[in-house]
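>>> Could you work out the structure for the sequence below:
(2 chains)
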Amino acid sequence: MICLKNLCFKANRRAILSELSLRVKPGEFVVITGPNGSGKSTLAKIVAGIEQQSSGQIILDGEDISELPITERAKKGIAFSFQQPVHFKGLTVRDLLQIAVTGQETFLDPGVIDFASLLAEVGLDVSYLDREIDKSLSGGELKRVEIASALARPAKLLIFDEPEAGIDIWSFDRLVEVFQKLRKRNCAIIVISHQKRLMAQADRIVVLKDGQIAKSGPAAKMLEELEEEQA
Amino acid sequence: MKTLDQIEKDLFREVADINEIPQGAYNFRINGEAVGRQSSANIDVEGQKGGLKITVKPNTKDDVVHIPVIITKTGFTETVINDFYIGDNADVTIVAGCGIYNCGASRSEHNGVHTFHIGKNAKVKYIEKHYGAGPSTGKWINPTTKVYLAENSYAELELEQIRGVDSTERITEAELKDGAKILIHEKMLTQGRQHAKSHIEALLLGKNSVADIVSRSVATDESRQEFTLHIEGDNECRGHSECDAILQDKGSVIATPSLDAKHVDAQLVHEAAIGKIAGEQLTKLMSLGLTQLQAESQIINGFLK
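Numbers count the residues shown, from 1 in each chain, chains lettered A, B, ... in the order given. Model prediction:
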């Protein structure tokens, strides 16, 4: 169970998040949506330890992890998929997945791991394992590798920041399948997204506005409300 | 061949991945003397003034010759001149490399001049690793490599300075005839107050000749690196050079590319990027469970792999 209590975050004296509280249970799939600048990505980064909240608490399975650095949070079971993945000259897809699986440097041999099926989940074949994570990969390929690296984590909480960004239509269908499959794991899932097809997969949709939860509820009901608002 | 002590064994392992006397042709040189030499059916290794003459017979297939050099004597300086004649259609791997152990006050220095004459349709892989060990800061290695490629021949040069070399001045030059291709991969790590200078030059004389030069380096502490990469296209040809460097601490790198296109169908490209490890790269690896130090070492090891 991840429990966010009264989270606040300020940047340049401006409140990005204000007294935000949220609970996500193991096995629950929550999509956080909202307009640009509403604080969605900041919230995701704060939970993973990439940004530090100004005040408030983050509790994972009863343990206060509010002050823990990124590495420690990763070791406690928080996995994060970045909206904009980075290139690594010289590092291969296999290297990245090995680190993801073990949380250790690749020169510590993790033994045999079925990376092929991990890549297949995101629509890449086994030949990608020895590809460098450099500019030779397209934006979509890079994004799929990024998602695979999060899926590879032995996580209690998986966070995906706009997984659909940079993904083509064919891959997006595959992405929907990824989340359907992911539901079989008994971990909490938070997805930041604008995509209705992803939202439809969720148990709950949380709408952020100006750094606060504007509304929250079951996916079907919330989708209906969002569509009415847009109509 | 003489019995090696532990320092000598360590140096040979570092520079040529050798743990025992290799099969096939070889020449082992320690402190200016050949301590072991052998030719094989297809590769002739013989002494010449200042070094070796290595001749690979035409049509040789998948053969290897090892010619590593080590220096363990403080204050020892040498210049070695090795000439390689690779016959037409041959396919050979040449493992060179130099290791210096210096624990004294005087400088130890190896200057290696290697000239390759690569025959038509021949294929050469050349692996050269440089390594320094011992507390002295007087470990100097200056290699000059000249490669002459005949029609449709191919050369792949892996030039690596692993660590511990206090000063180096590297010169690598290639001339390519019709259809010839060269790949040069240079990797370098400098630490402390080490200084490294590397000049790589490819002259694309022949039609459809190709040069691909990639230099990757890491400059840490207060070390300094200087690179000049030059490609000249005198015909319908393709040339690409890439110079990437990671800086740490007070390390510094200057990269000066130059492209000289002398033919309307010469396609020459250069890329260069110098900077510290990107914060986003560290954050990504830390989000997978690595500490910052582990993430840095992972990125550098991958970069110089």
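>>> C-alpha from now on. contacts and neighbour counts both.
Will do.
>>> Now tell me what touches stretch A:136-151 from outside.
A:79-82, A:84-85, A:93, A:96-97, A:100, A:118-119, A:121-124, A:133, A:158, A:160, A:163, A:165-168 (C-alpha atoms under 8 Å, 6 or more residues apart in numbering or on different chains).
>>> Can you work out which other helices and strands pack against the helix or strand of chain A with the lowest mean pLDDT?
Least confident element among the helices and strands of chain A, by mean pLDDT, DSSP states H and E: helix A:169-182 (a mean of 84). Packed against helix A:169-182 by the contact rule (3 or more C-alpha pairs under 8 Å, 6 or more residues apart in numbering or on different chains; DSSP states H and E) you find no helix or strand.
>>> quick one, what contacts B:Ile182?
Per C-alpha under 8 Å, 6+ apart, neighbours of B:Ile182: B:Tyr154, B:Ala155, B:Glu156, B:Leu157, B:Leu176, B:Val210, B:Ala211, B:Asp212.
>>> In contact with the second one, which residues are there?
Applying C-alpha under 8 Å, 6+ apart, one finds that B:Ala155 lies in contact with B:Lys123, B:Val124, B:Lys125, B:Tyr126, B:Leu149, B:Lys181, B:Ile182, B:Leu183.
>>> Tell me the buried residues in the host helix or strand of it?
Assigned by DSSP states H and E, B:Ala155 falls within strand B:154-163. For strand B:154-163, a neighbour-count test (16 or more other C-alpha atoms under 10 Å in any protein chain shown) marks B:Tyr154, B:Ala155, B:Glu156, B:Leu157, B:Glu158, B:Leu159, B:Glu160, B:Gln161, B:Ile162, B:Arg163 as buried.
>>> What pLDDT does the model give the fourth one?
Confidence per residue is given as pLDDT, and for B:Leu157 that number is 98.
>>> re the thing from before, from the contacts of stretch A:136-151, which ones fall inside strands?
A:Ala79, A:Phe80, A:Ser81, A:Ile133, A:Leu158, A:Phe160 (DSSP state E).
>>> what sits against the most centrally placed residue in chain A?
For chain A, the residue nearest the mean C-alpha position is A:Phe160 (1.7 Å; C-alpha atoms, centre = their mean). Residues near A:Phe160 by C-alpha under 8 Å, 6+ apart: A:Phe80, A:Ser81, A:Phe82, A:Gln83, A:Ile147, A:Ile190, A:Val191, A:Ile192.
>>> Looking at the residues you listed, spot the one nearest B:Phe76.
A:Phe82 (54.4 Å; C-alpha to C-alpha).
>>> what's the spacing between the nearest residue to the closest one once chain neighbours are set aside and A:Ile147?
Spatial nearest neighbour of A:Phe82, chain neighbours left out: A:Asp161 (5.6 Å); criterion: C-alpha to C-alpha, 6 or more residues apart in numbering or on different chains. From A:Asp161 across to A:Ile147, the span is 10 Å (C-alpha to C-alpha, to the nearest Å).
>>> So what sits opposite the residue lying closest to A:Glu28 once chain neighbours are set aside in the bridge?
Closest residue in space to A:Glu28, ignoring its immediate chain neighbours: A:Ala188 at 5.1 Å, by C-alpha to C-alpha, 6+ apart. Bridge pairing for A:Ala188 (DSSP bridges) gives the partners A:Leu157.
>>> Residue numbers of chain A in contact with chain B?
A:48, A:50, A:70-75, A:79-80, A:86-91, A:99-100, A:103-106, A:153 (C-alpha under 8 Å from any C-alpha of the partner chain).
>>> Repeat the analysis, applying 6 Å as the threshold.
In this structure, chain A approaches chain B at residues A:Ile70, A:Thr71, A:Ala74, A:Lys75, A:Lys89, A:Gly90, A:Leu91, A:Ala100, A:Gly103, judged by C-alpha under 6 Å from any C-alpha of the partner chain.
>>> quick revisit: okay, now the residue nearest to A:Glu28: neighbour count?
23 (other C-alpha atoms under 10 Å in any protein chain shown).
>>> Repeat that for B:Asn19.
Considering only other C-alpha under 10 Å, B:Asn19 is surrounded by 11 other residues.
>>> and what of B:Glu33?
13.
>>> and it, what is it in contact with?
By C-alpha atoms under 6 Å, 6 or more residues apart in numbering or on different chains, the contact set of B:Glu33 is empty.
>>> switch to 10 Å and redo it
The neighbourhood of B:Glu33, defined by C-alpha atoms under 10 Å, 6 or more residues apart in numbering or on different chains, consists of B:Asn27, B:Gly51, B:Val69, B:Ile70, B:Ile71.
>>> do the same with B:Asp17
By C-alpha under 10 Å, 6+ apart, the neighbours of B:Asp17 are B:Asp10, B:Leu11, B:Val95, B:Gly97, B:Lys129.
>>> now do A:Leu157
By C-alpha under 10 Å, 6+ apart, the neighbours of A:Leu157 are A:1-2, A:24-28, A:47-48, A:60, A:74, A:76-80, A:186-190.
>>> where does it sit relative to A:His194, distance-wise?
Taking C-alpha to C-alpha, one finds A:Leu157 at 20 Å from A:His194.
>>> what does chain B put close to chain A?
Contacts of chain B with chain A, taken as C-alpha under 10 Å from any C-alpha of the partner chain, map to B:216, B:244, B:277-292, B:294-295, B:297-305.
>>> Now the buried members of those.
For the residues of chain B next to chain A, buried by 16+ other C-alpha under 10 Å: B:216, B:244, B:277, B:281-291, B:294-295, B:298-300, B:302-304.
>>> Sort out which of these are in strands and list them.
B:Arg216, B:Asp244.
>>> Start and end of stretch A:52-65, how far apart?
Where stretch A:52-65 begins and where it ends lie 11 Å apart, using C-alpha to C-alpha.
>>> So for that stretch, mean pLDDT?
96.
>>> Okay, buried residues for it please.
Those would be A:Gln52, A:Gln53, A:Ser55, A:Gly56, A:Gln57, A:Ile58, A:Ile59, A:Leu60, A:Ile65, for stretch A:52-65 by 16+ other C-alpha under 10 Å.
>>> Return the list of strands paired to the helix or strand containing the fourth one, each annotated with direction.
If I follow you right, that is A:Gly56. Assigned by DSSP H and E, A:Gly56 belongs to strand A:55-60. The strands that strand A:55-60 pairs with in its sheet are strand A:2-11 (antiparallel), strand A:63-64 (antiparallel) (by DSSP bridges).
>>> Which one, of these, ends up nearest to B:His230?
strand A:2-11 (47.2 Å).
>>> After that closest one, which helix or strand is next? Please name it.
Trace forward from strand A:2-11 with DSSP H and E and the next one is strand A:14-24.
>>> Identify all contacting residues around that next one.
Against strand A:14-24 from outside (C-alpha under 10 Å, 6+ apart): A:1-11, A:30, A:37-40, A:42-43, A:53-60, A:157, A:187-190, A:204, A:206, A:208-213, A:216.
>>> Which PyMOL command selects the buried ones in these?
To isolate the buried ones among the contacts of strand A:14-24 in PyMOL, judged by 16+ other C-alpha under 10 Å, type:
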select buried, chain A and resi 1+2+3+4+5+7+8+9+30+38+39+40+42+43+53+55+56+57+58+59+60+157+187+188+189+190+204+206+208+209+210+211+212+213+216
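>>> can the contacts of B:Glu33 go into JSON lines with extra columns for secondary structure?
As requested, the contacts of B:Glu33 are exported to JSON lines (DSSP: H, G, I helix; E, B strand; the rest coil):
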{"residue": "B:Asn27", "secondary structure": "strand"}
{"residue": "B:Gly51", "secondary structure": "strand"}
{"residue": "B:Val69", "secondary structure": "strand"}
{"residue": "B:Ile70", "secondary structure": "strand"}
{"residue": "B:Ile71", "secondary structure": "strand"}
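>>> Now render those residues as TSV, adding distance to B:Asp260.
Output for the contacts of B:Glu33, formatted as TSV (distance: C-alpha to C-alpha, whole Å):
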residue	distance to B:Asp260
B:Asn27	39
B:Gly51	34
B:Val69	36
B:Ile70	38
B:Ile71	39
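>>> Which of the residues you listed sits closest to B:Ala90?
Among these, and counting by C-alpha to C-alpha, the member closest to B:Ala90 is B:Asn27, at 20.1 Å.
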